[in-house]
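Chemist: Model the following, please.
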Amino acid sequence: MHVYQDPSGGWEWAWAAPCPRLSPGVIRYRGYRLALGAPRRRLEVPTATVALVLNFEHELLLSDAVRSPGVQQGPEAARAHHSLVSGLRTSATVGAHGGRLCGMEVVLAPWAAFTLFGTTLQDCSERIVDAGELLGHRFDELLESLAGLPRWAQRFQRLDTVLTSWAEGGPDCPPQIMWAWDQLVSTSGRVRISQVADGTGWGPRQFENRFRQHIGVPPKSAARILRLQRALGLLARGIAPVEAAGRAGFCDQAHLTREVTAMTGRPPTRLLAARRAAPPGAGAGDRLDGHVTSVLLPA
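Modeler: Numbers count the residues shown, from 1 in each chain. Next comes the predicted model:
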């Protein structure tokens with residue numbers, strides 16, 4: 001476990017790895033306590049993970065960073081969430097709060113979320129849903145027990161206990177889906193979907209339907225997210241855009257720029273410039289090591 005604190009008391013972040021019994025599907029725990037005295041906005045970039053967010057105090061206001069085709073430009077009403085489940089999404093979200101927030105986040109591989117939640121992930125595909133509505137009373141019990149514990153270490157231990165219980169009582173993800181997911185992840189989405197479908201022994205339509213049921217989005221959408229993350233990771237490490245485009249599976253730099261803009265609402269140069277301009281600490285860094293998952297925005 002690692003805990004980082006602002007000497008002035010404005011923020012506190014804690015990270016922990018789940019117990020080995022939950023690995024590799026439960027990727028990371030994160031705890032946060034913010035008392036910043038000013039509003040805060042963050043761009044949440046599409047990632048190939050599912051997030052379970054448990055807020056003990058205050059609400060998050062969420063809005064889409066990218067408008068759907070044909071939607072008129074203009075102010076968009078943000079949706080208020082206390083606690084939530086964010087499934088795989090191919091477009092970014094802007095999260096905002098008034099500067100005060102306290103809670104925890106569990107980062108999951110989608111196949112593990114299927115087992116833990118015990119429900120088809122199509123219910124939270126390309127959207128953010130209320131965690132209590134999706135998971136029922138067992139989520140409310142977990143949230144209450146975590147909020148009542150005084151230390152991060154105790155809260156992380158409680159998550160281990162409860163999530164292990166959920167996993168033991170949940171449905172298994174089919175081995176064909178696990179294999180297909182590994183193929184996509186190991187190639188950063190650059191493998192041919194038809195090749196993956198053939199490897200499962202299912203027909204194309206059956207493969208897509210089963211994949212959406214257990215992962216939440218079609219396999220092509222999952223590959224698109226993985227390619228985005230590969231490209232942004234390369235760019236963030238200083239790789240030239242032309243080289244990053246080729247290594248991430250894009251036709252050229254222009255194709256890469258179009259995809260990043262379409263999925264995040266910002267071209268890569270602007271997106272990465274905002275990351276570099278963000279102050280350290282209070283932004284909490286990325287949800288996953290080595291990935292571009294979050295960008296602190298001007299309030």
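Chemist: hang on, residue 234 packs against residue 240?
Modeler: No - the criterion here is C-beta atoms under 8 Å, and residue 234 misses it with residue 240 at 9.0 Å. Placement of C-beta: from N, CA and C, glycine included.
Chemist: Please identify which of the two sits among more neighbours.
Modeler: When neighbours are counted by other C-beta atoms under 10 Å, residue 234 and residue 240 differ, and residue 234 comes out ahead with 21 against 11.
Chemist: Let me know the secondary structure of that one.
Modeler: When classified by DSSP: H, G, I helix; E, B strand; the rest coil, residue 234 comes out as helix.
Chemist: What residues does it make contact with?
Modeler: 243-244, 247-248 (C-beta atoms under 8 Å, 6 or more residues apart in numbering).
Chemist: Pull out the buried members of these.
Modeler: 244, 248 (16 or more other C-beta atoms under 10 Å).
Chemist: Return the closest of the contacts of residue 234 with respect to residue 27.
Modeler: Minimum distance to residue 27 across the contacts of residue 234 is 21.5 Å, recorded for residue 248 (C-beta to C-beta).
Chemist: How many residues are close by the residue nearest to that closest one when sequence neighbours are not counted?
Modeler: Excluding the flanking residues, the one nearest residue 248 by C-beta to C-beta, 6 or more residues apart in numbering is residue 231, at 3.8 Å. Around residue 231 there are 27 other residues, counting by other C-beta under 10 Å.
Chemist: all strands of the stretch 1-150 of the chain, in order?
Modeler: Secondary structure of the stretch 1-150 of the chain (DSSP state E, counting those that start in this stretch): strands at 2-5, 11-16, 26-35, 40-44, 50-57, 60-64, 79-81, 84-86, 93-97, 100-108, 128-130.
Chemist: The ones you listed: which one's closest to residue 293?
Modeler: Between the strands of the stretch 1-150 of the chain, strand 40-44 lies closest to residue 293; by C-beta to C-beta that is 6.9 Å.
Chemist: And that closest one, what's buried?
Modeler: 40, 42-44.
Chemist: same question, stretch 95-106
Modeler: Residues 95-97, 99, 101-106 are the ones in stretch 95-106 that count as buried (16+ other C-beta under 10 Å).
Chemist: swap in stretch 127-140?
Modeler: For stretch 127-140, burial by neighbour count (16+ other C-beta under 10 Å) applies to 128-129, 131-132, 134-135, 139.
Chemist: next one: stretch 55-68
Modeler: So stretch 55-68, judged by 16+ other C-beta under 10 Å, has buried residues 55-56, 59-62, 64-66.
Chemist: residue contacts, the nearest residue to residue 47 once chain neighbours are set aside?
Modeler: Using C-beta to C-beta, 6+ apart and skipping residues adjacent in sequence, the residue nearest residue 47 is residue 293, 5.1 Å away. Residue 293 sits next to 44-45, 47, 286-287 when contact means C-beta under 8 Å, 6+ apart.
Chemist: Emit the ChimeraX select command for whichever of those residues are buried.
Modeler: Remark: buried members of the contacts of residue 293, expressed as a ChimeraX selection using 16+ other C-beta under 10 Å:
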select :44,45,47,286,287
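Chemist: helix or strand for residue 222, which one?
Modeler: helix 219-236 (DSSP states H and E).
Chemist: helices and strands around the next helix or strand after that helix, which ones?
Modeler: Next helix or strand after helix 219-236 toward the C-terminus (DSSP H and E): helix 241-247. Judged by 3 or more C-beta pairs under 8 Å, 6 or more residues apart in numbering; DSSP states H and E, the packing partners of helix 241-247 are helix 219-236, helix 253-264.
Chemist: helix or strand right after the shortest one?
Modeler: Moving toward the C-terminus from helix 253-264, the first helix or strand encountered (DSSP H and E) is helix 268-277.
Chemist: Specify the angle between that following helix and helix 253-264 in degrees.
Modeler: Using axes from the mean of the first three to the mean of the last three C-alpha atoms, to 10 degrees, the inter-axis angle of helix 268-277 relative to helix 253-264 is 60 degrees.
Chemist: Pull out the buried positions in helix 268-277.
Modeler: By neighbour count with 16+ other C-beta under 10 Å, helix 268-277 contains the buried residues 268, 271-272, 275.
Chemist: how about CSV for the residues you listed, with distance to residue 221 and pLDDT added?
Modeler: Output for those, formatted as CSV (distance: C-beta to C-beta, whole Å; pLDDT from 0 to 100):
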residue, distance to residue 221, pLDDT
268, 20, 96
271, 20, 94
272, 24, 92
275, 24, 87
